[in-house]
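Enquirer: Coordinates for the following, if possible.
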Amino acid sequence: MNNLDIDPKKLKFIIYVRKSTEGEDRQVASLDDQLEFAEGLAKKNGYKVIKTFREAASARKPHNRPKFDQMIKMLRQDKANAIICWQTNRLSRNPEENGIIQQLLINGDIQMIATSSQNYYPDTNLIQLGVEGGSNAQYSIDLSRNVRRGMHSKNKRGGWNHMTPQGYLNKHDDNNQAIIVPDPKTFPLIQKMFTLLLTGNYTVSELLNIMNNDWGYRTTKHKHLGGKPLTLKILYDMLGNPFYAGKIRDYDDKTILHDGDWPAMITLEQYKTIQRMKNENIEKYNRRPISYNKTKIRHELKGLLTCASCGCAIIGEHHDRLLADGTYNDHTYYKCTKKSPYRKCELHGGIEEEEAFRQIDAIFDHYTLHPKLYEWAMEVLGEIHTKEITERYDVACAQNDSIKDCDKRLNTLIDMRTRELIDDEEFEIKAKELKKLKSDLKQANQDAKERNKNWYEVIGNTLKNLVNPREKFNATNEPSVRRSLLLSIGRCPVLKEVPLGTKDYDGRIIPTRHRALTAKRIEVEPYKWLKELDETVDQDGEIFPLRALTEKLSVQQGSNEQKMALKAIWWARRDLNPHSLARTRF
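Expert: Reported below is the predicted structural model:
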C-alpha cells in the first residue's frame, strides 16, 4: 500500500500513552503531557480517535501490559487501523512486541503510526523502525543493568533502596541528599511494641490487637496506600527485618549484615533475641498459623493448645451422629493436625470439648489468686519498685558522670589537636574510641530505663489475670484473650497423652471412652516464680499452695487476725527476684 493512497482523516486512530514504573520516566513526558500532545495532533489534523489507552507499566518484558494487548486485539479485528503515540518507545521496549508492531504494519493492519518526530506507514523502510526498536530494547537492558549495579553498590555502603519500613520516613537534608529519619508519630509506638515482645509476656497476635485497638496505630500514609491498621503479615515482616536494628542484608549473601545509615530502633542483641524466640518456636513447637474454621461451627478452644508430642496446633472438629430415634447427637473434640515435618506424632485420638473445658477450669482453680492475695502481692511489688527508684537514680548518676567524663576528655583531645600536641591520625583514633564509649554508655542508660519501666507493669498485669481467671475465660470468646489467660500460668499449654487413671488438677480421674488405651490431659508448665509461690512454706514447714490460701481467705472474711497470719506466710516469698518473671517468659 502506497503512502499516497492513505487518507489519514479516514483512519480509525487509537491514542496510546504509557508511563513505566522504572526510572526512565524521569526523562520522558508524563502521561498527561503525552495525552495533551496526542489529542492536540488529532485535533490539528482532523484525525478520528475511537479509543484512548493510558497505561503505567514497564514495556521491558512482553505480556506485561493488558491495555497494550487490548489495543493489538482491536487492530487485528479491524476495529482500528492507526496509532498516535509520543515515540515508538512508548509502544515497546522488547523484541517480541517490536516484532508484533512491525508485522501488523507490514500486513496493513496498522496503516499509520503518528509520533512527535515522524509518521510510519506500511511501505516505510523497516530498517529504520527495526533499528529504533532494537535501540529501545537495548536502552531498557542497559538501564536495568545500571540500576542494579547502583543498588548493589549502595547496599554495601549501608544505603536503603526501598520504601522505608513502618516507623521511619524518607526525607532530604539541607544538601538535598536522601536520608532516613524516625517518624515522630509511629517510631515510639513500634519501639514500645518491641519492648513488650522482648518481655515474652505477649504473643504476636496480642501485640497486633494492642497496637491497632489500644494505641490506635495506623500505617504510614502514602499517596496511594497506608493509613490503615497493621496486618499480621506486616507485623511478622517487621519482627524479622534487621532494618530496626540499624542493619541491612547484603543483596548477594543474606547472612551478611551491613551497618545502615539511619538511627536504630533496637539493638542488634535484641534483634537476635527476637529471631531466637521465633526459631525456637518453629523448631521446638513447630508453630503454624491457626487455620480458622470456614464453617458455621465455632470452635471455642481454637488456637489455645499445641500437641505435646509433635508441637503442631490442636484443632477442633465437629461431628453429627444419627441416632435410632431420628435425632442427631453432635459433639466437638480437639485433636492434633499431625503436620509436623520434623517428628512423628504419637498422640492418638483427641479430647472432647466438654472435658477440655473441665480441665482448663481445674487449672485456673488451682492457680487462682484471691483478690486479697493480689492486693498483698502488689504491695510487695510497690515496695520493691519504690526501692529500685533510688537504686536506679544512683546508677543513672554514675552513668551520667561517666558520660560527662567522656565529654571532658573529648574536649581536652580537641584542645590538644588545636595546639598541635598530637597529629590528625592520633586524634582520629582517640576521638573514635571516646565517641564509641559515650555511645555505649548512653545506650546502656536507655536500656536500663526501658527494663525498669516495664517489669512492674508486666508482673502486675500477669498477676491481675490470675484473679478470677476462670470467670474471665468463660466470659469471652476471643482466642487471644483466652490464650493470654493461660499464658499467665505458663508457656505453651499442651494436650498430652497420659496413662489411664491419671488425675487432672482437681484430683479427678480423667474419664475415657470404653475402648481408649490412654487418657488426654491438658497441661501447663507453671513459670518458676509461680511454682515457688504455689509451694509457699510457713515457719512450721507446712505447704500452703495458692488454692489453699485462696480458700482460707474466702471463708475467713471477718477474721483480721487470721488474715494477717496468712499475709505473713504470703510475704515470706517477697525475697523472690521480681525480674524472674520477665526472664521466664522468653
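
Enquirer: Could you count how many residues lie near Thr512?
Expert: 17 (other CB atoms under 10 Å). Every residue, glycine included, has its C-beta placed from N, CA and C.

Enquirer: Just to be sure, it is in a helix?
Expert: No: looking at Thr512 with DSSP: H, G, I helix; E, B strand; the rest coil, it is coil, so not inside a helix.

Enquirer: Tell me the spacing between it and Ile351.
Expert: Distance of Thr512 to Ile351, given as CB to CB, to the nearest Å: 10 Å.

Enquirer: Equivalent analysis for Leu239, please.
Expert: Leu239 is 32 Å from Ile351, by CB to CB.

Enquirer: neighbour count winner among those two?
Expert: Per other CB under 10 Å, whichever of Leu239 and Ile351 has more neighbours is Ile351, with 24 against 18.

Enquirer: nearest residue to that one other than its sequence neighbours?
Expert: Lys520 (4.0 Å; CB to CB, 6 or more residues apart in numbering).

Enquirer: Please list the residues outside stretch 241-256 that contact it.
Expert: 151-152, 155-156, 158-160, 165, 167-168, 190, 194, 238, 257-260, 262-268, 270-271 (CB atoms under 8 Å, 6 or more residues apart in numbering).

Enquirer: Which of those fall in strands?
Expert: 168, 257-259 (DSSP state E).

Enquirer: Buried ones among these?
Expert: Buried members of the ones in strands among the contacts of stretch 241-256, counted by 16 or more other CB atoms under 10 Å: 168, 257-258.

Enquirer: Nearest to Glu96, out of those residues: which one, please.
Expert: The shortest approach to Glu96 among those belongs to His258, at 38.3 Å (CB to CB).

Enquirer: Now do the strands for the stretch 51-200 of the chain: every range, in order, please.
Expert: For the stretch 51-200 of the chain, the strands defined by DSSP state E, counting those that start in this stretch cover 82-84, 112-114, 119-120, 168-172, 178-182.

Enquirer: Let me have the ones you listed in TSV, adding mean pLDDT and distance to Lys61 as columns.
Expert: Formatted as TSV, these follow (pLDDT from 0 to 100; distance: least, CB to CB, whole Å):
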stretch	mean pLDDT	distance to Lys61
strand 82-84	93	21
strand 112-114	90	22
strand 119-120	86	24
strand 168-172	86	28
strand 178-182	86	28
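
Enquirer: now, of these, which is deepest in the fold?
Expert: strand 82-84 (a mean of 25; mean count of other CB atoms under 10 Å).

Enquirer: List of residues touching that strand?
Expert: 8, 11-16, 38, 41-42, 47, 49, 71, 75, 91, 110-115.

Enquirer: Just the buried ones from the residues you listed?
Expert: 8, 11-16, 38, 41-42, 47, 49, 71, 75, 91, 110-115.

Enquirer: So which of the residues you listed are in helices?
Expert: Judged by DSSP state H, these include 38, 41-42, 71, 75 as members of helices.

Enquirer: does the residue nearest to Ile351 have beta-bridge partners, and which?
Expert: Glu497 (DSSP bridges).

Enquirer: What separation do you get for it and Lys79?
Expert: Applying CB to CB to Lys520 and Lys79 gives a distance of 69 Å.

Enquirer: cool, Ile72 as well?
Expert: Taken as CB to CB, the span from Ile72 to Lys79 is 11 Å.

Enquirer: quick one: which of those two has more around it?
Expert: Ile72 (19 against 13).

Enquirer: so where's the stretch 301-450 of the chain shaky on pLDDT?
Expert: Across the stretch 301-450 of the chain, the ranges flagged by pLDDT under 70 are 320-323, 326-329, 376-397, 399, 445-450.

Enquirer: Could you pull out the helices in it for me?
Expert: Along the stretch 301-450 of the chain, counting by DSSP state H, counting those that start in this stretch, helices occupy 353-366, 371-418, 424-465.

Enquirer: what residue lies at the spatial centre of the chain?
Expert: Leu235 (1.7 Å; CA atoms, centre = their mean).

Enquirer: Output the buried ones among the ones in strands among the contacts of stretch 241-256 as TSV; include the columns distance to Tyr334.
Expert: Output for those, formatted as TSV (distance: CB to CB, whole Å):
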residue	distance to Tyr334
Tyr168	43
Leu257	42
His258	47
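
Enquirer: Going by distance to Glu300, which of those residues wins?
Expert: Nearest to Glu300 out of those is Tyr168 (CB to CB; 40.9 Å).

Enquirer: My guess is the closest one contacts Trp262. True?
Expert: Yes: the pair Tyr168 / Trp262 is scored as a contact, 6.6 Å apart, by CB atoms under 8 Å.

Enquirer: Just send the strands of the stretch 51-200 of the chain back as a markdown table, with distance to Lys438 too.
Expert: Formatted as a markdown table, the strands of the stretch 51-200 of the chain follow (distance: least, CB to CB, whole Å):
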| stretch | distance to Lys438 |
| --- | --- |
| strand 82-84 | 65 |
| strand 112-114 | 67 |
| strand 119-120 | 68 |
| strand 168-172 | 24 |
| strand 178-182 | 20 |
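
Enquirer: quick one, which of these is nearest to Thr502?
Expert: strand 168-172 (53.4 Å).

Enquirer: and the closest one, how far out from the chain's middle?
Expert: 21 Å (CA atoms, centre = their mean, to the nearest Å).

Enquirer: What is it packed up against?
Expert: Using 3 or more CB pairs under 8 Å, 6 or more residues apart in numbering; DSSP states H and E, the elements in contact with strand 168-172 are strand 178-182.

Enquirer: quick one, the strand it packs on and strand 168-172 angle?
Expert: Calculated by axes from the mean of the first three to the mean of the last three CA atoms, to 10 degrees, strand 178-182 forms an angle of 140 degrees with strand 168-172.

Enquirer: mind checking how far Val498 is from Gln275?
Expert: 34 Å.

Enquirer: Show me which of these two is the more surrounded one.
Expert: Applying other CB under 10 Å to Val498 and Gln275 shows that Val498 carries more neighbours, namely 15 against 12.

Enquirer: Would you mind giving the domain segments of the chain?
Expert: For the chain, automatic domain parsing gives the domain ranges 3-154, 168-285.

Enquirer: Which of the ones you listed has the lowest mean pLDDT?
Expert: Per-stretch mean pLDDT for those is lowest at domain 3-154 (a mean of 80).

Enquirer: to the chain's geometric centre, what's the distance from that one?
Expert: 42 Å.

Enquirer: And for stretch 469-477?
Expert: For stretch 469-477, the distance to the chain centre is 29 Å (CA atoms, centre = their mean).

Enquirer: So for it, mean pLDDT?
Expert: Mean predicted confidence for stretch 469-477 is 81.

Enquirer: With stretch 484-493 instead?
Expert: The model assigns stretch 484-493 a mean pLDDT of 82.

Enquirer: Can you pull out the residues in contact with it?
Expert: In contact with stretch 484-493 (CB under 8 Å, 6+ apart) are residues 200-203, 206, 285, 304-306, 360, 363-364, 367, 462, 465-466, 469, 472-473, 522-527, 530, 584-585.
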